[in-house]
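K.L.:
the following comprises the amino acid sequence and a computationally predicted model.
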Amino acid sequence: MDNAGLFPSLSLSVSELTSLIKKTLAGGFYDLNVEGEISNFRPSSSGHWYFTLKDADAMLSAVMFRGKASMLDFFPRDGEMVVVTGAIDVYEKRGTYQIICSSMTRVGEGNLQARLEQLKNHYASLGYFDPASKKSIPPDPQRVAVVTSESGAALHDILQVLGRRAAGLDVVILPTRVQGDEAAASIATRIRQADRFLLGDVIIVARGGGSLEDLMPFSDPSVIEAIHDCALPVISAVGHEIDWMLSDYVADIRAPTPSAAAELVSASRSERLEKLRAVRSTLVHLIQNRLSEARMLLSQASPRTLSERLVSRIEQNRYLLDDMDMRMKETLLHRFEQARRTLASHTAQLQALSPQSILERGYAVITDTMTGQNMTSATQLAGEKDITIHLHDGSVAATTRRTK
């Protein structure tokens, strides 16, 4: 059929033709059931899912919007075989068609995923993934060999992290294909070169994210064998955190991203630099404190300061002496007063007991004039006796005549 004969006298714009195609496809291709393998699955932050359905000979772009996606009881992943129901639509701005999915059911694992599982089980049985065979990363690598695309974002991320955390670290870049039919052989060759010629203390095998097909070279047997045969430790940093290739299992360490791999090889150096900075800061602080103390001591040792300190010390001692003198005087006065009071008390007691005091109260003492003996009883005065009567102000001689 001559297509020009459909619109012999009409010139269509691109938009008009695309709109016509969209109406034609949308009106004739709906409620379709399409079976295929999921590839390049990209969930968006809005909740919509974008992916590709493919088989051995063709690919079809697909989208499932958030409302329909939230109704599924599973989360799709690359390599799964599914059957989707939907309608064909044309995205006019790009001039591409896609299927808008309204439902999705699992059929089974796709060929790539099945192949990966088969390879994984095979090499696991050979002990390639044994944790006991893993080599540790050197604590202070001086050179790092990076096997990746020289124009990819992975290399940019690695160099950026190393430049920030370990600027003095040598980086040897081994450029390689990371996608396509020749990628696996190129990656394996570069890994073996880095190991054979000791181009680094550790090897990073890296690439950015992509679909399962894009990352498949890193699960190729040639790459797995090359990593396993390495004497140098190998870090696998392929794709994003959710992507797991067989290189991740056979490598000595798996990093979720290329940036994380760079952080691993620069961790010890970065930590030491931080410790050195902390020690330096502490030493500077201590030295400054010592200098301040020395300046203060020097200022205190000037003649003027010494004179002031001497005068101050003398004044302090003078005050102490005056205080001690005052306290001693107060103590002596107190003790003298106590002694005076005690003496007065004892004197009063003695005076109260003195015979003179008794005589003053009207009493008298009688003694025998001849013998001087005190007469204390009337019987001693029987008959005539010369006696002496002692009063408080003198004595009187007398003679007794009789007693009663």
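P.N.:
Alright, I've got the coordinates.

K.L.:
now do the longest helix along the chain: distance to the chain's middle.
P.N.:
If you go by DSSP state H, the chain has its longest helix at helix 303-353. How far helix 303-353 lies from its chain's middle: 66 Å, per Cα atoms, centre = their mean, to the nearest Å.

K.L.:
start the count at 510, not 1, going forward
P.N.:
Yes, from this point I'll number from 510; that puts the last item at helix 812-862.

K.L.:
which of the residues in the helix or strand just after that helix are buried?
P.N.:
Next helix or strand after helix 812-862 toward the C-terminus (DSSP states H and E): helix 864-869. By neighbour count on 16 or more other Cβ atoms under 10 Å, the buried set for helix 864-869 is empty. The way it works is simple: take the backbone N, C-alpha and C, and place the C-beta from them, glycine included.

K.L.:
avg pLDDT for the helix or strand following helix 864-869?
P.N.:
Next helix or strand after helix 864-869 toward the C-terminus (DSSP H and E): strand 874-877. Averaging pLDDT along strand 874-877 gives 86.

K.L.:
domain map for the protein?
P.N.:
Structural domains assigned to the chain are 522-618, 624-638+650-778, 828-860, 866-908, following automatic domain parsing.

K.L.:
which one of those lies nearest to Ala803?
P.N.:
domain 828-860 (32.1 Å; Cβ to Cβ).

K.L.:
can you give me the strands for the stretch 510-659 of the chain?
P.N.:
541-552, 558-563, 568-573, 589-600, 605-618, 652-657 (DSSP state E, counting those that start in this stretch).

K.L.:
how big is the angle separating the first one from strand 568-573?
P.N.:
The reference is to strand 541-552. 80 degrees (axes from the mean of the first three to the mean of the last three Cα atoms, to 10 degrees).

K.L.:
check which residues of strand 541-552 are buried.
P.N.:
Here strand 541-552 shows Val543, Gly545, Glu546, Ile547, Ser548, Asn549, Phe550 as buried, counting by 16+ other Cβ under 10 Å.

K.L.:
from the contact counts, what lies against it?
P.N.:
strand 558-563, strand 568-573, strand 589-600, strand 605-618, helix 620-634, helix 721-724 (3 or more Cβ pairs under 8 Å, 6 or more residues apart in numbering; DSSP states H and E).

K.L.:
give me the mean pLDDT for the last one.
P.N.:
Regarding helix 721-724, the rounded mean pLDDT is 82.

K.L.:
and it, how far from the chain's centre?
P.N.:
That offset, for helix 721-724, works out to 38 Å (Cα atoms, centre = their mean).

K.L.:
now whatever helix or strand comes next after it: how far from the chain's centre is it?
P.N.:
Heading C-terminal from helix 721-724, the first helix or strand you meet, by DSSP H and E, is helix 730-738. From the chain centre to the centre of helix 730-738 is a distance of 39 Å (Cα atoms, centre = their mean).

K.L.:
looking at helix 730-738 now, give me its mean pLDDT.
P.N.:
96.

K.L.:
over to stretch 610-629?
P.N.:
pLDDT averaged over stretch 610-629 gives 82.

K.L.:
in it, which residues are buried?
P.N.:
Buried, per 16+ other Cβ under 10 Å, within stretch 610-629: Cys610, Ser611, Met613, Glu618, Gly619, Leu621, Gln622, Leu625, Leu628, Lys629.

K.L.:
tell me which of the helices and strands packed on strand 541-552 lies nearest to Gln847.
P.N.:
helix 620-634 (105.8 Å).

K.L.:
ok and the closest one relative to strand 558-563, angle-wise?
P.N.:
90 degrees.

K.L.:
packing partners for helix 620-634?
P.N.:
Applying 3+ Cβ pairs under 8 Å, 6+ apart, we find helix 620-634 packed against strand 541-552, helix 721-724, helix 730-738, helix 755-759.

K.L.:
in JSON lines, list the ones you listed along with distance to Asp666.
P.N.:
As requested, the helices and strands packed on helix 620-634 are exported to JSON lines (distance: least, Cβ to Cβ, whole Å):
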{"stretch": "strand 541-552", "distance to Asp666": "20"}
{"stretch": "helix 721-724", "distance to Asp666": "16"}
{"stretch": "helix 730-738", "distance to Asp666": "21"}
{"stretch": "helix 755-759", "distance to Asp666": "17"}
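
K.L.:
right, and those - which one's nearest Val681?
P.N.:
Smallest distance to Val681 across those (Cβ to Cβ): 16.7 Å, for helix 730-738.

K.L.:
can you list the neighbours in contact with that closest one?
P.N.:
Applying Cβ atoms under 8 Å, 6 or more residues apart in numbering, the contact partners of helix 730-738 are 628, 632, 637, 693-694, 696-698, 700-701, 704, 714, 726, 743, 745, 755-756, 759-760.

K.L.:
buried among those residues? Make that a ChimeraX selection.
P.N.:
Command for ChimeraX that selects the buried part of the contacts of helix 730-738, burial taken from 16+ other Cβ under 10 Å:
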select :628,632,637,693,694,696,697,698,700,701,704,714,726,743,745,755,756,759,760
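
K.L.:
hang on, the earlier thing: could you save the domains of the chain as CSV and add columns showing distance to Ser801?
P.N.:
Shown next, in CSV, are the domains of the chain (distance: least, Cβ to Cβ, whole Å):
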stretch, distance to Ser801
domain 522-618, 57
domain 624-638+650-778, 35
domain 828-860, 32
domain 866-908, 83
